[in-house]
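Peer 1: quick check, what structure comes out for this input:
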Amino acid sequence: MKRSMEPVFINKICYFGDDGIPGAAVYLCGIMKHYGLDYVHINSTDRPSEDFQNHRYAMYIVSDYPSRQFRPGDMEHIAGCVHDLGSGFLMIGGWESFHGKEGEYNKTPLAAVLPVQMQEKDDRCCSPLGILITRGMPHEITEGLDWKHPGGVVGYNAVTAKKGATTLLYGTRFDICILSDEVDEGRSDIASLHSFVEQITMPLLSGDACVIRPLDRAPLLVIGQYGQGRTAAFTSDLAPHWVGGFVDWGRERVFQNIESESIEVGESYARFVRNLVQWTLQIPKN
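Peer 2: Below is the predicted model:
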């Protein structure tokens, strides 16, 4: 990509989406404030400024931001800043991220920027039982965190990693069957049990047995490079409801006031989010 004029550099993170404050944006805004990361936030109901394309931000974050809110040329501008000028780009999952419910970004200029291949259909996957987060290869984003006692989310956008990209986190969905002496009409719990190929059986306090079977594994965090810039796709969310118990991951608590609101989250969750943003922004970790 070649540009006739380099836009004015703004050494901030430009964060689109997650409604506003109060609202889901309080989580990411609160963590960035807690760790001294300078940002501007654009509410999901707002459009970028008229002069948006005259500026280049150090990093762009898109999270549950309707693609229709971008004006013609805005997404091409972001792609150019990442490719030619080294800005970072992070997309966070949700109903209006990736393909989402109605097809948000799979046919836009930002599809080329992302390190993942999006689906051509509704890609939302939800689990009432939770989705266990597990680490792939070691990386500075995930180092120093307690992966022996990981957190879990309850939803994600289904994607595949592009060739050359690196998958750092996976999510595993489970099916759970409680075996008891009762037999449902037309089926027995024992017959259901035989359909389980790989399983873990554990006793419950009620005396029944609980059989846990892994269903599938999907990418949750994929990183890559687009031209000069680093890119990342976190396919779950960092705010309710998809974030699930992941927001409380860690033995210590992190508190932060943000505007008229406040957040209280787990310290491992907070450090993970900080690491993810700092790496994509190309800021050396302390």
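Peer 1: quote the end-to-end distance of stretch 111-130.
Peer 2: Stretch 111-130 has an end-to-end distance of 28 Å (criterion: Cα to Cα, to the nearest Å).
Peer 1: and that stretch, how far out from the chain middle?
Peer 2: 10 Å (Cα atoms, centre = their mean, to the nearest Å).
Peer 1: for stretch 136-149, same thing?
Peer 2: Centroid separation for stretch 136-149 versus its chain: 16 Å, with Cα atoms, centre = their mean.
Peer 1: same question for stretch 80-96.
Peer 2: 13 Å.
Peer 1: my guess is residue 223 contacts residue 234. True?
Peer 2: No. In this structure, residue 223 is not within contact of residue 234 by Cβ atoms under 8 Å, at 9.6 Å. Where C-beta positions appear, they are placed from N, C-alpha and C, glycine not excepted.
Peer 1: list of residues touching the biggest helix by length in the chain?
Peer 2: Criterion DSSP state H: the longest helix present in the chain is helix 267-281. Identification of contacts with helix 267-281 by Cβ atoms under 8 Å, 6 or more residues apart in numbering yields 13, 28, 31-32, 34-35, 37, 58-59, 61, 88-90, 140-146, 151, 221, 223, 230-232, 234, 238, 246-254, 284-285.
Peer 1: what subset of the residues you listed is buried?
Peer 2: 13, 28, 31-32, 34-35, 37, 58-59, 61, 88-90, 141-142, 145, 151, 221, 223, 230-232, 234, 238, 246-247, 249-250, 254 (16 or more other Cβ atoms under 10 Å).
Peer 1: which ones among these lie within strands?
Peer 2: In this view, the buried ones among the contacts of helix 267-281 that belong to strands under DSSP state E are 13, 58-59, 61, 88-90, 221, 223, 230-232, 234, 254.
Peer 1: how about the nearest residue to residue 122, chain neighbours excluded?
Peer 2: residue 101 (6.0 Å; Cβ to Cβ, 6 or more residues apart in numbering).
Peer 1: list the contacts for the one you found?
Peer 2: Residues near residue 101 by Cβ under 8 Å, 6+ apart: 95, 122, 124.
Peer 1: name only those of the residues you listed that count as buried.
Peer 2: Buried members of the contacts of residue 101, scored by 16+ other Cβ under 10 Å, are 95, 124.
Peer 1: okay, and which of the contacts of residue 101 map to strands?
Peer 2: Secondary structure from DSSP E places residue 124 of the contacts of residue 101 in strands.
Peer 1: which among the contacts of residue 101 gets closest to residue 176?
Peer 2: Nearest to residue 176 among those is residue 124, at 21.1 Å by Cβ to Cβ.
Peer 1: tell me the confidence at the closest one?
Peer 2: Residue 124 is assigned 97 on the pLDDT scale.
Peer 1: for it, name its beta-bridge partners.
Peer 2: residue 157 (DSSP bridges).
Peer 1: what angle separates the longest helix of the chain from strand 229-234?
Peer 2: Between helix 267-281 and strand 229-234, the angle comes out at 150 degrees (axes from the mean of the first three to the mean of the last three Cα atoms, to 10 degrees).
Peer 1: what about helix 267-281, average pLDDT?
Peer 2: On average, helix 267-281 scores 98.
Peer 1: could I get the CA-only coordinates of that helix as CSV?
Peer 2: Coordinates of each C-alpha in helix 267-281 appear next as CSV, following Å, rounded to 0.1, in the frame of the first residue of the first chain:
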residue,chain,number,x,y,z
GLU,A,267,-4.9,-9.6,38.4
SER,A,268,-4.1,-12.4,35.9
TYR,A,269,-6.9,-11.2,33.6
ALA,A,270,-5.7,-7.6,34.0
ARG,A,271,-2.0,-8.5,33.2
PHE,A,272,-3.0,-10.6,30.3
VAL,A,273,-5.0,-7.7,28.7
ARG,A,274,-2.0,-5.4,29.4
ASN,A,275,0.4,-7.8,27.8
LEU,A,276,-1.8,-8.2,24.8
VAL,A,277,-2.2,-4.5,24.2
GLN,A,278,1.5,-3.7,24.9
TRP,A,279,2.7,-6.4,22.5
THR,A,280,0.4,-5.3,19.7
LEU,A,281,1.4,-1.7,20.4
